[in-house]
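**Student:** Sequence first, then the predicted structure:
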Amino acid sequence: MNDINTKELLYKLTSVVGVSGAEENVSKVLKDILSQYGDVTVDNMNNVFCTFGKGYHFLLDAHLDEIGLIVTSITDDGFLKVAKCGGIDCRMLLSSEVSIWTKSGEIKGIISTIPPHLQKDGDEKKIVDIEDVSIDIGLDKEVAEKIVSLGDRVTFRRNFTELLGTQVSSSVLDDRSGIAAIILALEELKDVNAKITVMFSCQEEVNMTGSKTGPFGKNIDEAIAVDVSFGYSPLCKKSECKELGKGAMIGISPILDKNMSHSLIEVAKENNIPYQLEVMGGGRTGTNADAITVSESGIKTALISIPEKYMHSPIEIVDTRDVESVAKLIAAYVKKRAGEINA
């Protein structure tokens, strides 16, 4: 599709930290990347925008924040107590390696656990409550308080693992893989006869705050939100998931624009782009599309998702072929719609 290496792009994007509400580092990286495509701004909330072109106005959205933890207190014996930032799965926490992002930089920690020899009957079947989670950084309280501040964010240890074939694993592919797809699409949209605004939005994991405010005042004609959705793995119901490597997931939902969804299907067929249908009931998609579509007087919005295994865990997996399919579908759709509008 272009000269950008998808795995290298994903590695770069997943290496940067941006827990909800503390996204400054990832915002800076994305600002630099987007500067080659158009005019870049960062608003007061750390939404990153890139705008170029003229005419019919498309918004392309993916969220830049990630789930994590926030330090709430330091115990008398030097352990850090935390609360959730986003949808942390507490099953993943015990014995995990984590990073605490302090004002002086990253420090390493371990989430404490009880040896099996000291557990009580039934303990092995319990899921730990977040209130019972403690992070061991190897220091007593007096020293720990000089390094760690209340409100510091915590993430799983950074990792990027290339599996066999075309799949990769990382703790933050939700939604850095969506960002990657949009960046790949921009390579094909540099000269399109339309206006494009990219919105890499903040705080999706804590009530979609960035996407509620970001489109305001921009006079958007159509929007496409890009996120991850459920990829099939053992113990999942196949009826609730799609397969990795089988292409972009085109969303169909009461809150999404029906004509856009159908047009995306037609574009995929016309261009031999692999795709799967994701039909969602209940009037919500659980993504930024829900917020964008009701912004101002309403914005026609579609949703394209990347199938992902092990969502909201330290070892999320996507297939680079699906990231590229999403990019190709976005580019082909925008080009076709721009052609129709300008005909």
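**Tutor:** Thanks, I have it. Numbering: from 1, shown residues only.
**Student:** Spatially central residue for this protein, please.
**Tutor:** When Cα atoms, centre = their mean is applied to the chain, the residue found nearest the centroid is residue 175 (1.6 Å).
**Student:** could you pull out the strands for the stretch 1-150 of the chain?
**Tutor:** 39-42, 48-53, 57-63, 68-74, 80-85, 97-102, 105-111, 134-136 (DSSP state E, counting those that start in this stretch).
**Student:** deepest of these, which one?
**Tutor:** Compared across the strands of the stretch 1-150 of the chain, strand 57-63 shows the largest average neighbour count, a mean of 26 (mean count of other Cβ atoms under 10 Å). All C-beta spots, glycine's among them, are computed from the backbone N, C-alpha and C.
**Student:** elements contacting that one?
**Tutor:** Judged by 3 or more Cβ pairs under 8 Å, 6 or more residues apart in numbering; DSSP states H and E, strand 57-63 is in contact with helix 173-189, strand 195-201, helix 209-213, strand 222-230, helix 320-342.
**Student:** could these go into TSV alongside mean pLDDT and distance to residue 109?
**Tutor:** Shown next, in TSV, are these (pLDDT from 0 to 100; distance: least, Cβ to Cβ, whole Å):
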stretch	mean pLDDT	distance to residue 109
helix 173-189	97	22
strand 195-201	98	29
helix 209-213	93	28
strand 222-230	97	27
helix 320-342	96	31
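**Student:** right, and the ones you listed - which one's nearest residue 141?
**Tutor:** Closest approach to residue 141 among those (Cβ to Cβ): helix 209-213, 33.7 Å.
**Student:** Nearest to residue 51 among the helices and strands packed on strand 57-63 would be which one?
**Tutor:** So among the helices and strands packed on strand 57-63, strand 195-201 is nearest, using Cβ to Cβ, at 4.7 Å.
**Student:** Okay, now the sheet partners of the closest one, with direction.
**Tutor:** strand 48-53 (antiparallel), strand 57-63 (parallel) (DSSP bridges).
**Student:** C-alpha coordinates for that strand, PDB please?
**Tutor:** In PDB, the C-alpha atoms belonging to strand 195-201 read as follows (Å, rounded to 0.1, in the frame of the first residue of the first chain):
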ATOM      1  CA  LYS A 195     -11.000  18.000   3.500                       C
ATOM      2  CA  ILE A 196      -9.600  15.500   6.000                       C
ATOM      3  CA  THR A 197      -9.400  15.900   9.800                       C
ATOM      4  CA  VAL A 198      -7.700  13.200  11.800                       C
ATOM      5  CA  MET A 199      -8.600  13.100  15.500                       C
ATOM      6  CA  PHE A 200      -6.500  11.000  17.800                       C
ATOM      7  CA  SER A 201      -8.800  11.400  20.800                       C
END
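**Student:** Which residues does it contact?
**Tutor:** Residues outside strand 195-201 that contact it (Cβ atoms under 8 Å, 6 or more residues apart in numbering): 27, 30, 34, 37-38, 47-64, 179, 182, 186, 189, 208, 210-211, 214-215, 218, 220, 288, 334.
**Student:** try 7 Å
**Tutor:** For strand 195-201, the surrounding residues in contact (Cβ atoms under 7 Å, 6 or more residues apart in numbering) are 30, 34, 47-64, 179, 182, 186, 189, 210-211, 214, 218, 220, 288.
**Student:** now swap in stretch 258-275 and tell me
**Tutor:** 222, 246-248, 250-252, 300, 302, 304, 325, 328-329, 332-333, 336.
**Student:** top of those by neighbour count?
**Tutor:** Ranked by neighbour count (other Cβ atoms under 10 Å), the contacts of stretch 258-275 have residue 304 at the top, with 30 neighbours.
**Student:** Which of the helices or strands spans it?
**Tutor:** Counting by DSSP states H and E, the element that carries residue 304 is strand 300-308.
**Student:** follow-up on the earlier one: what's near enough to touch the residue nearest to the centre of the chain?
**Tutor:** Contacts of residue 175 were listed using Cβ under 7 Å, 6+ apart, and they are 62, 63, 227, 228.
**Student:** follow-up on the earlier one: for residue 193, state which of the contacts of stretch 258-275 is nearest.
**Tutor:** Nearest to residue 193 among the contacts of stretch 258-275, with distances taken as Cβ to Cβ, is residue 336, at 11.6 Å.
**Student:** for the residue lying closest to the closest one once chain neighbours are set aside, helix, strand, or coil?
**Tutor:** Excluding the flanking residues, the one nearest residue 336 by Cβ to Cβ, 6 or more residues apart in numbering is residue 267, at 5.8 Å. Secondary structure, DSSP: H, G, I helix; E, B strand; the rest coil: residue 267 is helix.
**Student:** Against residue 330, how distant is residue 267?
**Tutor:** To residue 330, residue 267 is 10 Å away according to Cβ to Cβ, to the nearest Å.
**Student:** Of those two, give the one with the bigger neighbour count.
**Tutor:** residue 330 (26 against 22).
**Student:** can you pull the contacts of the closest residue to the more buried one other than its chain neighbours?
**Tutor:** Nearest residue to residue 330, sequence neighbours excluded (Cβ to Cβ, 6+ apart): residue 185, at 4.1 Å. Contact analysis of residue 185 by Cβ under 7 Å, 6+ apart lists 327, 330, 331.
**Student:** Thank you kindly, that will do.
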